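S.K.: From the sequence below, what's the structure:
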Amino acid sequence: MGRLLRPLLRGTTYTRLVHLWVPVLLQSVWMFIDMSKPWVPALLLLPVGLIPGVRRGEGVQARLLLLPAETDPGLSVAPSANWRDRLRTMLWLEARMVLGAVTAFSCVWLPIIAIVLFDLARGHVQDDVPVLDTATPHWWYALLAPLPLLALYGVVVGLGEVVTVVARALLGPSAAEQLAALEERTERLLERNRIARELHDSIGHALTVAVVQAGAARAAGDPGFTDRALEAIEDSGRAALADLERVLGVLRESDRPVSARPTLAEADGLLESARASGAKVDAELTGPLETVPGPVSREGYRILQEALTNVLRHAGAVPVRIHIRVADGLLCLEVRNPLPADIPGPGRGSGLRGIRERAALLGGRALTGPDSGDWQVRAELPLS
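M.R.: Next up is the predicted model:
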């Protein structure tokens with residue numbers, strides 16, 4: 001019994017009923033003009049469905065009244081973009097008119113029939129219902145009186161579900177809208193992945209430098225070295241805080257530009273940070289680095305940062321050879337260091353995966369793994 005009455009306790013049941021009644025208002029007005037042609041309002045709705053903005057209005061109504069509790073009801077709120085959308089809108093208006101007429105008829109006559117049956121059970125005859133105006137009063141009509149109310153319950157709940165299904169079919173997004181929504185979701189996922197890589201590379205680098213410097217200072221026991229280590233930790237921490245504030249700013253303001261991200265022109269700070277951590281960095285730059293486009297230069301900086309972070313984290317204070325070359329429409333970046341005892345292996349770790357993802361997003365490629373006794377990170381990024 002509780003499950004049977006549950007739809008009557010939901011607000012959606014009544015908002016759907018209101019939605020079904022709305023087109024009946026037009027029908028009711030027309031009945032005062034010409035009762036002999038009740039089909040005219042349905043005919044007048046056909047050209048209305050050709051108006052592009054009507055689809056948006058119908059979609060907004062359906063969202064608010066048919067599916068008010070759903071965050072993604074799957075109904076379009078955009079104007080008709082082509083003739084297929086207009087045809088679907090026309091069919092929707094006609095279906096809504098028919099379902100509304102059936103609902104209105106049921107909501108008026110089914111309660112009247114129930115009242116007449118109760119009156120017949122009490123010994124009174126009424127002529128409100130032609131079929132029952134000649135019936136002989138009898139007590140057993142009381143047993144039939146609840147049936148119209150049960151039918152009314154089925155009409156209200158059932159047609160509410162039917163109109164919702166029809167709305168999803170006829171007011172649902174078109175193929176073009178579905179593609180646009182898919183592209184938008186893809187863009188959001190790419191942005192989230194980019195922000196995750198930014199935080200991983202920047203904060204990971206700063207923490208790695210801090211850990212290496214702190215350990216080296218404690219092992220050295222030299223006040224001068226300790227001062228230099230603390231200075232390097234402070235510089236890395238400041239840079240990481242600046243990166244964190246920038247990334248959080250992008251999260252707060254979706255249209256905030258990304259031009260403030262560091263580029264390869266600022267790579268000297270990375271190299272000095274690695275040297276201060278004990279690594280023997282030998283860097284060679286070939287070609288006009290200043291001509292590298294901003295997006296390529298920024299991603300190249302992050303790739304270099306992650307490569308140096310991995311060196312400090314897995315190999316420690318070892319010689320590092322860096323070669324950055326700009327030629328033939330490519331930015332080639334290579335970082336090599338002696339293989340550590342614990343080889344991470346190609347494909348492991350989010351940092352190495354992030355390097356390959358950065359390169360792939362720019363149409364380039366990245367290789368990571370052992371090569372001739374060294375650990376190699378090599379990226380080739382097209383400049384165009």
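S.K.: I'd like to check what contacts stretch 110-117. Which residues are they?
M.R.: 126, 128-129, 132, 141-142, 144-149, 151-152, 155 (CB atoms under 8 Å, 6 or more residues apart in numbering). C-betas here are computed from N, CA, C, even on glycine.
S.K.: how close does L144 get to T134?
M.R.: Here the criterion is CB to CB, to the nearest Å. By it, L144 lies 16 Å from T134.
S.K.: okay, the two: which has more neighbours?
M.R.: Comparing L144 with T134 by other CB atoms under 10 Å, the one with more neighbours is L144, at 14 against 8.
S.K.: residues contacting the more buried one?
M.R.: Neighbours of L144 in contact, by CB under 8 Å, 6+ apart: L117.
S.K.: for the stretch 251-384 of the chain, what spans make up the helices?
M.R.: With helices called from DSSP state H, counting those that start in this stretch, the stretch 251-384 of the chain shows them at 267-276, 294-310, 350-361.
S.K.: Which strands or helices does the last one pack on?
M.R.: With contacts defined as 3 or more CB pairs under 8 Å, 6 or more residues apart in numbering; DSSP states H and E, helix 350-361 has these neighbours: helix 175-220, helix 294-310, strand 365-371, strand 374-382.
S.K.: show me where pLDDT drops low in the stretch 201-350 of the chain?
M.R.: Along the stretch 201-350 of the chain, segments meeting pLDDT under 70 span 201-202, 205, 221, 246-260, 341-350.
S.K.: taking the contacts of stretch 110-117 one by one, which sit in helices?
M.R.: Of the positions in the contacts of stretch 110-117, 141-142, 144, 146-149, 151-152, 155 sit in helices, assigned by DSSP state H.
S.K.: so how many other residues sit close to L381?
M.R.: If we define neighbours as other CB under 10 Å, then L381 has 26 of them.
S.K.: Could you measure from it over to L361?
M.R.: L381 is 10 Å from L361, by CB to CB.
S.K.: Name the residues contacting each of those two.
M.R.: Common neighbours of L381 and L361, using CB under 8 Å, 6+ apart, are E299.
S.K.: what about the residue in the chain sticking out farthest from the centre, which SS state?
M.R.: Going by CA atoms, centre = their mean, the residue of the chain most distant from its centre is T136, 65.1 Å out. Per DSSP: H, G, I helix; E, B strand; the rest coil, the secondary structure class of T136 is coil.
S.K.: distance of it from L93?
M.R.: Relative to L93, T136 is positioned 46 Å away (CB to CB).
S.K.: What of G278?
M.R.: In this structure, G278 and L93 are 75 Å apart, going by CB to CB.
S.K.: Who has more neighbours out of the two?
M.R.: Using other CB under 10 Å, the more surrounded residue of G278 and L93 is L93, with 21 against 16.
S.K.: Touching, that one and V48? I think so.
M.R.: Yes: in this structure, L93 is within contact of V48 by CB atoms under 8 Å, at 6.5 Å.
S.K.: so what sits against both of these two?
M.R.: V54.
S.K.: list the buried ones in the helix or strand M31 falls within?
M.R.: Per DSSP states H and E, M31 falls inside helix 11-33. Buried positions in helix 11-33, judged by neighbour count with 16 or more other CB atoms under 10 Å: 12-13, 15-17, 19-20, 23-24, 26-27, 30.
S.K.: Same check on stretch 164-178?
M.R.: Neighbour counts over stretch 164-178 (16+ other CB under 10 Å) mark 164, 166-167, 170-171, 173-174 as buried.
S.K.: Single out whichever of the residues you listed has the smallest pLDDT.
M.R.: Checked by pLDDT, these have S174 as the lowest-scoring entry (74).
S.K.: where's the closest residue to that residue other than its chain neighbours, which helix or strand?
M.R.: Once flanking residues are discounted, S174 sits nearest to D85: 5.7 Å by CB to CB, 6 or more residues apart in numbering. Under the criterion of DSSP H and E, D85 resides in helix 83-121.
S.K.: Next up, the contacts around A315.
M.R.: 337-340, 375.
S.K.: For ChimeraX, write a command that selects the buried ones of those.
M.R.: Of the contacts of A315, the buried ones can be selected in ChimeraX as follows, counting by 16+ other CB under 10 Å:
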select :337,339,375
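S.K.: Let's have the contacts of A315 in CSV, adding distance to D282.
M.R.: Formatted as CSV, these follow (distance: CB to CB, whole Å):
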residue, distance to D282
N337, 10
P338, 13
L339, 17
P340, 18
W375, 15
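S.K.: circling back to that earlier point, out of the contacts of stretch 110-117, which are buried?
M.R.: 132, 141, 145, 148, 152, 155.
S.K.: how about the buried residues of stretch 164-178 in a markdown table, adding secondary structure and distance to P68?
M.R.: Formatted as a markdown table, the buried residues of stretch 164-178 follow (DSSP: H, G, I helix; E, B strand; the rest coil; distance: CB to CB, whole Å):
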| residue | secondary structure | distance to P68 |
| --- | --- | --- |
| T164 | helix | 11 |
| V166 | helix | 17 |
| A167 | helix | 13 |
| L170 | helix | 19 |
| L171 | coil | 15 |
| P173 | coil | 19 |
| S174 | coil | 23 |
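S.K.: which one among the contacts of stretch 110-117 gets closest to P52?
M.R.: Set against P52, the nearest of those by CB to CB is V155 (33.2 Å).
S.K.: Does the closest one touch A104 like I think?
M.R.: No: contact criterion CB under 8 Å: V155 and A104 do not qualify, at 10.2 Å.
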